[in-house]
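Quick one, fold the following:
(one chain, ligands or ions: 2)
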Amino acid sequence: MPPVKYQRGDTVMGRWPGSSLYYEVTVLGFDTKSQLYTVIYKDGTELELKEQDIKSVAGFQTRSRSRSRSPSRRRSRSRSPARTTRRSSSRTAAAVAAAAITESAPSSRRDTKLRDVVEVTLSPQQKTKPAENNSNNRHEEKEEKQKEENNTASKVNEKAQAQVEAESDKNQGRYNLRRRKDDGDAKLAETRPEQLVEKKYKIPAAPATTLSTRLDFGGKIGAYFWLLFLPAWVLFLVLQVRQKDPSLTNFPPPLPALEAFWDAQALGFVILWILFQALLYILPVGKLSEGMPLTSGERLQYRTNGFFAIVVSAVAVAAAVHQGVDLTYIHSHFLELATASFLISIFLSVYLYVRSRYTASEELALGGNSGNVVYDFFKGHELNPRIKNFDLKFFFEMRPGLIGWCLINFAMALAEMKLQGLDAPSNSMILVNIFQLLYVVDGLWNEEAILTTMDLMHDGFGFMLAFGDLVWVPFTYTMQAYYLVTHPNPLSLPALTGIIILKLVGFYIFRKSNSEKNAFRRNPLDPKVSHLKTIRTATGKSLLVSGWWGVVRHPNYLGDLIMALAWSLPCGFSHLLPWYYMIYFIILLVHRDSRDMSECRRKYGSAWDEYCRTVRYRIIPRVY
Ligand SMILES: NC(=O)C1=CN([C@@H]2O[C@H](COP(=O)(O)OP(=O)(O)OC[C@H]3O[C@@H](n4cnc5c(N)ncnc54)[C@H](OP(=O)(O)O)[C@@H]3O)[C@@H](O)[C@H]2O)C=CC1
Ligand SMILES: CC(C)=CCC[C@@H](C)[C@H]1CC=C2C3=C(CC[C@@]21C)[C@@]1(C)CC[C@H](O)C(C)(C)[C@@H]1CC3
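Ligands and ions are numbered 1, 2, ... in the order given. All right, here's what the predicted structure looks like:
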């Protein structure tokens, strides 16, 4: 086993996750299994870092000493990554970073015997008004920025500098990256304005479990559970919806013979469908969009021609129907098609896991790196698996399953007409079809926006997403349409109108909020979002605190949930089954919200806490 490079108690420079900024940290330990160092930043944030994200202090110090500074200023330079003072609070994060890398005095004065570390923090000047316009300080800021730009130390981080400068003229909130409380949900430690606070804290005896290693979904045991439960649940739903009376009193649904699951033709159709979508994806039609910067600073390119793909698919399906292809096959062979998709998702997940074992560590997702085969297989290890320019995660999330969902819904409408002897689908079926088609078309029209979502930016690609994209979406999101085939639910005109209004309201919130965040993440100076208030974070990125993202922390989830309600209502209240999506979606989004909270807290430290204090509710204003 190679020797451990940095020892417990060493003071080194650690990269701030998600950025290329380095701050002074103290090594708390090294986990041989995960090969990660647990380090503590001066503000008290504990993280796990890979060896390549750690550098010795010496390399940084050589560039810094040429600066002449007043003692007080020098003192303030030795603080935590995001520390703010009256003068420095308005500096760019890169400048703060430059500051952070220039001095190392306090913790190098550490008494290693006592294992104490001196933490110096300065409270923000206007902590109670985090998102106010700091225009009075503009001139001072510019001067300060100019000085920082001339400083050779700031060159260490040119990329971050450029990114942050793009945001520097915006309304900026002030933040304080203090030592975080465990329940950092908007509860910051009391701070005294304009006061230098010296704190001492002990290095824990053993490396603390940090947020970056916290395993989601119930950890390793949970991964086993979900691997079995998710396919079993899809099977249950598919068998249940086929029943004449799909109520829970008829549980469990009768299990069909093994042959009923398998149909080679169904497998062939699914493979053809995926290949057809892949072909549309690689066609040099449509825009090439850039993803968010990776930790390396690189940006991947994505062919965002999803709208083109769904239009061509619709034309192809219409042509096939016109040629006499009976799409009700999808209804009558639902189980076989689901089984075929499941097999493909297993095959894909195994491929993804195996290739992730040979992938360079900087291309791996932060999660899905537990060292446990089952957990990593489930959660996904590689962040952006690609075959040449073919991005697998992007493709599978946006194309075969999503467009397949609309195809299945359409097939259900035809099946309803056939089985109920109708000339046209029922109003309920039309609503469900149009609502969900609108959702998918909107997603594909705004395909670029997916590049700023959690899945694309943070999650690895493994079984969970592969199964989610290929099985879960097309075979469970279609439950309402499937249910309506044999369970008609006539709607009165007022009910119909009410449901349409509800859908439109949900859609408006969903679209506006997603577009606002996407526009902001792509270009904070975009006139559509440049007037919004923000909080700057130590990574150089800012957080919106007004507009939609100032109402609740996940306005997009709120809109999505309202739409989900509008999808279930056309099915009436006779059975729970068509409400399954609504119930599942509440659980999914509440869980996603808490995952995102942890991730953002890890990334943004107390700037995130500040955001949470300002925007108190997660999804539903004044309720949750
Ligand atoms: N139908 C379905 O099955 C599902 C639909 N969805 C929908 O997909 C969409 C995307 O959802 P999801 O990926 O979960 O999450 P979001 O699109 O909400 O992305 C979360 C990220 O946004 C950034 N962010 C959070 N708060 C702010 C802020 N105040 N200002 C600026 N950026 C902020 C953070 O990333 P960073 O700071 O790193 O940029 C955070 O990690 C949603 O509309 C959701 O409803 C999601 C799951 C399933
Ligand atoms: C239980 C289980 C297997 C969960 C897997 C979750 C996935 C099904 C979802 C995770 C995020 C998704 C998104 C969409 C579909 C469902 C999955 C893959 C999405 C593509 C639907 C269309 C929207 O417009 C969207 C683009 C915003 C959305 C993005 C997230």
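
The chain against ligand 2: which residues are in contact?
Residues of the chain lying near ligand 2 by CB under 6 Å from any ligand atom: 230, 397, 402, 439, 442-443, 450, 453, 455, 464, 467-469, 472-473. (Each C-beta comes from the backbone N, C-alpha and C, glycine too.)

Quickly find the element holding the closest residue to H458 other than its chain neighbours.
Using CB to CB, 6 or more residues apart in numbering and skipping residues adjacent in sequence, the residue nearest H458 is E599, 6.1 Å away. Using DSSP states H and E, E599 maps to helix 580-604.

buried ones in that helix?
580-582, 584-585, 589-590, 593, 595-604 (16 or more other CB atoms under 10 Å).

Of the residues you listed, which are in range of ligand 1?
Applying CB under 6 Å from any ligand atom to these, those adjacent to ligand 1 are 596, 599-600.

quick one: pLDDT of the residue nearest to N427 when sequence neighbours are not counted?
The shortest distance from N427 to any non-neighbouring residue, by CB to CB, 6+ apart, is to L491 (5.0 Å). We have a pLDDT of 93 for L491.

and what of P578?
pLDDT, P578: 93.

Tell me, how many residues neighbour it?
Neighbouring residues of P578 were enumerated by other CB atoms under 10 Å; the total is 27.

so who does it touch?
By CB atoms under 8 Å, 6 or more residues apart in numbering, the contact set of P578 is 479-480, 483-484, 568, 571-572.

if you look at those, which of them are in helices?
Using DSSP state H, 479-480, 483-484, 568 are the members of the contacts of P578 that sit in helices.

ok, of these, which one's closest to ligand 2?
M479 (13.6 Å; CB to the nearest ligand atom).

Please look at L589 and D560 and confirm they touch.
Yes - taking contacts as CB atoms under 8 Å, L589 lies within contact range of D560: 6.9 Å.

Export the contacts of P578 as TSV, with columns for distance to F410, neighbour count and pLDDT.
Formatted as TSV, the contacts of P578 follow (distance: CB to CB, whole Å; neighbours: other CB atoms under 10 Å; pLDDT from 0 to 100):
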residue	distance to F410	neighbour count	pLDDT
M479	15	25	95
Q480	13	28	96
Y483	16	26	96
L484	13	28	96
S568	19	22	95
C571	17	24	95
G572	22	18	93
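
N250: which of the residues you listed is nearest?
Y483 (13.8 Å; CB to CB).

Output stretch 579-594 as PDB, restricted to C-alpha atoms.
Extracted C-alpha coordinates of stretch 579-594, given in PDB (Å, rounded to 0.1, in the frame of the first residue of the first chain):
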ATOM      1  CA  TRP A 579     -53.100   8.600  -7.700                       C
ATOM      2  CA  TYR A 580     -50.000   6.600  -7.400                       C
ATOM      3  CA  TYR A 581     -48.000   9.100  -9.400                       C
ATOM      4  CA  MET A 582     -49.000  12.000  -7.200                       C
ATOM      5  CA  ILE A 583     -48.100  10.100  -4.000                       C
ATOM      6  CA  TYR A 584     -44.800   8.800  -5.500                       C
ATOM      7  CA  PHE A 585     -44.000  12.300  -6.700                       C
ATOM      8  CA  ILE A 586     -44.500  13.900  -3.300                       C
ATOM      9  CA  ILE A 587     -42.100  11.400  -1.800                       C
ATOM     10  CA  LEU A 588     -39.600  11.700  -4.700                       C
ATOM     11  CA  LEU A 589     -39.500  15.500  -4.600                       C
ATOM     12  CA  VAL A 590     -39.400  15.800  -0.800                       C
ATOM     13  CA  HIS A 591     -36.400  13.400  -0.800                       C
ATOM     14  CA  ARG A 592     -34.800  15.200  -3.800                       C
ATOM     15  CA  ASP A 593     -35.200  18.400  -1.900                       C
ATOM     16  CA  SER A 594     -33.400  17.100   1.100                       C
END
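
which residues are in contact with it?
By CB under 8 Å, 6+ apart, stretch 579-594 touches 237, 454, 476-477, 479-480, 553-554, 557, 560-561, 564-565, 567-568, 571, 618-619.

give me the subset of those touching ligand 1.
Answer for the contacts of stretch 579-594 near ligand 1 (CB under 6 Å from any ligand atom): 454, 554, 557, 560.

From these, list the buried ones, please.
Looks like those have 554, 557, 560 buried, using 16+ other CB under 10 Å.

Which members of those occur in strands, if any?
Taking DSSP state E, every one of those sits outside strands.

I'd like the residues you listed laid out as a markdown table, including pLDDT.
Below are these laid out as a markdown table (pLDDT from 0 to 100):
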| residue | pLDDT |
| --- | --- |
| H554 | 96 |
| Y557 | 97 |
| D560 | 96 |
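
where exactly do the strands run in the stretch 151-300 of the chain?
Taking DSSP state E, counting those that start in this stretch as the criterion, the stretch 151-300 of the chain contains strands spanning 172-173, 196-202, 287-290.

tell me the domain ranges of the protein?
260-281+306-490, 493-624 (automatic domain parsing).

Which one, of the ones you listed, ends up nearest to L300?
Closest among those, once you apply CB to CB, is domain 260-281+306-490, at 5.9 Å.

roughly how far is the closest one from the heart of the chain?
In terms of CA atoms, centre = their mean, to the nearest Å, the gap separating the centre of domain 260-281+306-490 from the centre of its chain is 19 Å.

I'd say F236 and N250 touch.
No - the pair F236 and N250 fails to qualify as a contact (CB under 8 Å) at a distance of 11.7 Å.

P488 reaches G421, doesn't it?
No - contact between P488 and G421 fails when scored by CB under 8 Å: they sit 11.4 Å apart.

Please say which of those two ends up with more neighbours.
Neighbour count, other CB under 10 Å: between P488 and G421, P488 has more, with 15 against 7.

and the more buried one, what does it touch?
Applying CB under 8 Å, 6+ apart, the residues near P488 are 416, 420, 426, 428.

Tell me the pLDDT of the first one.
Predicted confidence (pLDDT) for E416: 96.

That one sits in which helix or strand?
With DSSP H and E as criterion, E416 is part of helix 400-420.
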